[in-house]
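Fold the following and give me the result.
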Amino acid sequence: MAKAIMIQGTMSNAGKSIIAAALCRIFKQDGYKAAPFKSQNMALNSYITDEGLEMGRAQVVQAEAAGIKSSVLMNPILLKPTSNVGSQVIVNGEIRANMSAADYFKYKTELIPEIMRAYNSLAEEYDIIVIEGAGSPAEINLKENDIVNMGMAKLADCPVLLVGDIDRGGVFAQLYGTIELLEPDERARIKGTLINKFRGDVKILEPGLKMFESLTGIKVAGVVPYMDIDIDDEDSLSERFKNRRIGAIDIAVIRFPRISNFTDFNVFERFDGVSVRYVSNVSELKNPDMIILPGTKNTIDDLKWMRSNGLEAAVLKAAESGKVIFGICGGYQMLGEEIADLSGVEGGGRIRGLGLLQMLTVFEEEKKRTRVDGVFNNVSGTLKGISGTEFSGYEIHMGKSECLGGVMTRLSNGGSDGMCSHNVYGSYIHGIFDKCAAELVRCLCEKKGIDMGDIEFIGMEEHKEREYDKLADIVRSSLDMDLIYEAMKLK
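Down below sits the predicted model:
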């Protein structure tokens with residue numbers, strides 16, 4: 001059976017996912033077969049495997065870093081929030097039920113056999129399992145029957161590395177308070193602490209590290225600097241949402257309250273002179289060259305939100321002026337004439353869409369989950385230059401749309417997807433921009449009269465490999481890897 005190391009954090013967004021990805025890469029570089037694991041993930045940014053199963057994107061990133069194929073075994077439970085008090089519960093890649101937080105809290109221990117089947121399957125195949133926790137292990141109101149932090153560490157009988165975020169301040173209090181709120185047997189599992197997102201001279205921090213080790217009796221495994229790494233984010237607290245820079249080519253993404261799969265647009269950030277901004281109100285929208293309506297976990301509610309805050313009217317005005325409007329998944333559904341929820345998938349009823357595409361959408365109880373590839377076909381308007389460009393990605397949605405106009409793509413399975421009308425475009429496919437981004441940016445440049453010359457574009461796979469190696473180099477040089485290998489009894 002595999003050895004394991006678990007990464008827990010003092011809070012959400014402390015850096016657990018990125019440290020886990022770094023360790024997956026480091027172990028790969030050191031000649032081990034490593035795999036990620038997270039028993040329970042809560043995220044709207046999900047992924048579809050080759051088998052058509054749904055899992056959290058953080059474990060996909062970690063699997064890529066480890067150089068292995070993603071498997072739903074790496075994330076057996078995925079919670080996708082549908083409201084402030086409820087989530088869609090996905091088990092082994094398939095929808096189990098929609099539950100309130102209270103109902104799920106009572107139910108979750110019934111999923112321990114599913115968790116352990118997934119974990120043990122990985123442990124039989126790999127040398128090292130890098131387990132990621134969720135939130136904080138010191139949430140004393142949630143510790144009973146925990147299945148994702150110390151509860152998971154006990155199930156896997158593994159050592160723990162505790163990560164604190166110094167960028168938010170009070171990192172010693174974060175770490176010390178977390179440790180003190182744990183039971184003695186839980187504290188004993190922590191073999192090292194890690195201070196993440198450090199800026200400045202580490203020598204100034206060193207006296208504090210020594211005092212902290214004296215107070216807790218736990219070694220500091222390392223201090224990781226604030227990193228400029230282009231790796232997909234899953235957490236809704238993503239730094240990407242804070243960008244306000246406006247480039248020569250400006251892309252504005254509507255930041256729905258329930259935005260999902262926003263990693264679809266990361267590819268555009270790799271072009272000099274192109275900005276990607278996430279906007280929540282009309283004043284932030286300004287005058288972009290392209291407006292994207294992204295995926296959402298609740299299409300109807302987020303359409304109502306956009307309608308009530310004036311963004312719908314602003315998008316309609318932009319479309320009338322000839323701006324490029326592109327909808328993906330839920331954003332694509334919004335561009336049609338009507339959305340009907342006859343089965344009560346999102347609460348029932350009908351709602352008028354933006355009316356920019358001749359399309360009707362009906363929600364169905366069965367979720368479509370599939371990977372696809374194809375080619376853009378007969379694209380009109382500003383983006384006609386992407387015609388003939390290949391793409392690949394995945395569909396993950398509850399609705400089925402009837403297109404009354406011309407389709408935009410041909411799929412390799414003989415089907416079709418998407419629509420375009422003048423400068424309004426839509427598709428169900430997540431990841432559709434990854435291969436066509438350079439040509440799409442070129443189209444926007446031509447419309448604006450900008451000569452960007454030859455646009456340098458590094459393929460997604462090559463770019464990811466460079467970034468994973470860069471991440472591993474930084475984290476390896478910052479951590480006491482001997483301590484980590486000793487904790488796993490591999491040294």
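
Residue 342 is in contact with residue 348, correct?
Yes: counting by C-beta atoms under 8 Å, residue 342 is a contact partner of residue 348 at 7.4 Å. No exception for glycine: its C-beta is placed from N, CA and C like everyone else's.

Show me which parts of stretch 207-215 are buried, residue by residue.
209, 212 (16 or more other C-beta atoms under 10 Å).

any idea how far that stretch is from the chain center?
Stretch 207-215 sits 35 Å away from the centroid of its parent chain (C-alpha atoms, centre = their mean, to the nearest Å).

what does that stretch contact?
With C-beta atoms under 8 Å, 6 or more residues apart in numbering as the test, stretch 207-215 has contacts from 172, 175-176, 193, 195, 219-220, 223.

go on, stretch 84-101?
The contact list for stretch 84-101 (C-beta under 8 Å, 6+ apart) reads 42, 46, 49, 51-55, 72, 76-82, 104, 107, 111, 114, 118, 297, 367, 369.

Is there a quick PyMOL command that grabs whichever of those are buried?
Listed next is the PyMOL selection for buried residues among those, using 16+ other C-beta under 10 Å:
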select buried, resi 42+46+49+52+53+54+55+72+76+77+78+79+80+81+82+104+111+118+297+367+369
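
I'd like the next helix or strand past the lengthiest strand in the chain.
If you go by DSSP state E, the chain has its longest strand at strand 359-376. Next along the chain after strand 359-376, taking DSSP states H and E as the criterion, comes strand 390-403.

in the helix or strand containing residue 26, what counts as buried?
In this structure, residue 26 sits in helix 16-29 according to DSSP H and E. Residues 16-28 are the ones in helix 16-29 that count as buried (16+ other C-beta under 10 Å).

what does that helix rub up against?
5, 7-9, 34-36, 58, 61-63, 65-67, 127-128, 130-134, 161, 163, 194, 196, 224, 227, 229, 231, 234-235, 468-469, 471-472, 474-476, 481, 484.

just stretch 474-486 next, same as before
Applying C-beta under 8 Å, 6+ apart, the contact partners of stretch 474-486 are 5, 19, 22-23, 26, 161, 191-192, 194, 219, 221-225, 227, 229, 491.

got the CA coordinates for stretch 77-90 in CSV?
Extracted in CSV, the C-alpha atoms of stretch 77-90 (Å, rounded to 0.1, in the frame of the first residue of the first chain):
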residue,chain,number,x,y,z
ILE,A,77,-17.4,13.4,-3.0
LEU,A,78,-18.0,16.7,-4.7
LEU,A,79,-20.4,19.2,-3.2
LYS,A,80,-21.7,21.9,-5.7
PRO,A,81,-23.5,24.7,-3.8
THR,A,82,-27.0,25.4,-5.1
SER,A,83,-27.8,28.0,-2.5
ASN,A,84,-26.4,29.4,0.7
VAL,A,85,-27.7,26.4,2.7
GLY,A,86,-27.7,23.5,0.2
SER,A,87,-25.6,21.6,-2.3
GLN,A,88,-25.8,19.0,-5.1
VAL,A,89,-24.1,16.0,-3.7
ILE,A,90,-22.0,14.1,-6.3
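
Roughly how far does residue 406 sit from residue 201?
Here residue 406 is placed at a distance of 61 Å from residue 201 (C-beta to C-beta, to the nearest Å).

More neighbours: which of these two?
residue 406 (15 against 8; other C-beta atoms under 10 Å).

ok, that one - contacts?
Contacts of residue 406 were listed using C-beta under 8 Å, 6+ apart, and they are 378, 419-421.

run the last query once more with 10 Å
Going by C-beta atoms under 10 Å, 6 or more residues apart in numbering, residue 406 touches 358, 377-380, 416, 418-421.

Let's see the pLDDT reported for it.
In this model, residue 406 is scored at 78, pLDDT.

just residue 342 next, same as before
Confidence score, pLDDT, at residue 342: 87.

For it, which residues are in contact?
The neighbourhood of residue 342, defined by C-beta under 10 Å, 6+ apart, consists of 348-350, 362-364.

try it again with 8 Å
By C-beta under 8 Å, 6+ apart, the residues touching residue 342 are 348, 362-363.

Take the contacts of stretch 474-486 and, keeping just the buried ones, write it as a ChimeraX select command.
Per 16+ other C-beta under 10 Å, the buried members of the contacts of stretch 474-486 correspond to this ChimeraX selection:
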select :5,19,22,23,26,161,191,192,194,219,221,222,223,224,225,227
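
hang on, the earlier thing: between the buried residues of helix 16-29, which is closest to residue 302?
Nearest to residue 302, judged by C-beta to C-beta, of the buried residues of helix 16-29 is residue 17 at 25.0 Å.

Please report the distance of residue 474 from residue 166.
Taken as C-beta to C-beta, the span from residue 474 to residue 166 is 15 Å.
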